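Enquirer: predicted model and sequence follow; I will ask about them next.
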Amino acid sequence: MVSQLRNDIVEAVHGRLSRILDAAAIGMPTECQFHAFRKIALDEFGNQGLLPELDSLLKRYGQGRTGQADTAGKEVPR
């Protein structure tokens with residue numbers, strides 16, 4: 001299950017990335033340069049860059065939990 005916090009962050013980043021790509025499309029002298037920039041930007045802010053780091057941070061700080069604690073199954077003997 002994906003956390004709502006992750007979804008909100010990804011949505012915000014993708015919205016801004018879309019604006020950056022639109023500006024780059026206007027400003028790049030050649031289409032070849034734009035496609036190279038687009039590939040790098042999508043890699044850095046997608047599955048090859050930001051998203052795995054985000055998942056790692058959310059897991060580390062507890063926002064990616066599905067309800068079961070990491071210590072589940074390690075009961076204290078009575």
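Expert: Sure thing, it's come through. Note that the structure is predicted; figures quoted are calculated from it, not measured.
Enquirer: contact partners of stretch 25-36?
Expert: With contacts defined as CB atoms under 8 Å, 6 or more residues apart in numbering, stretch 25-36 is touched by A24, F37. The C-beta positions use only the backbone N, C-alpha and C, and glycine is treated the same way.
Enquirer: in it, what counts as buried?
Expert: Applying a neighbour-count criterion of 16 or more other CB atoms under 10 Å, one finds F34 buried in stretch 25-36.
Enquirer: ranges for the helices of the protein?
Expert: 4-27, 31-45, 50-60 (DSSP state H).
Enquirer: the shortest one relative to helix 31-45, how many degrees between them?
Expert: Angle of helix 50-60 versus helix 31-45, following axes from the mean of the first three to the mean of the last three CA atoms, to 10 degrees, is 10 degrees.
Enquirer: show me what helix 50-60 is packed up against.
Expert: The criterion is 3 or more CB pairs under 8 Å, 6 or more residues apart in numbering; DSSP states H and E, and the helices and strands that helix 50-60 contacts are helix 4-27.
Enquirer: list the buried ones in the helix it packs on?
Expert: Buried, per 16+ other CB under 10 Å, within helix 4-27: R6, I9, V10, L17.
Enquirer: okay, L51 and F45: tell me how far apart.
Expert: L51 sits 8 Å away from F45, going by CB to CB, to the nearest Å.
Enquirer: same thing with M28?
Expert: Here the criterion is CB to CB. By it, M28 lies 18 Å from F45.
Enquirer: again with E31
Expert: 21 Å.
Enquirer: what about L51, neighbour count?
Expert: 15 (other CB atoms under 10 Å).
Enquirer: equivalent analysis for A41, please.
Expert: 15.
Enquirer: so it touches L21, yeah?
Expert: Yes - assessed by CB atoms under 8 Å, A41 is found in contact with L21 at 6.4 Å.
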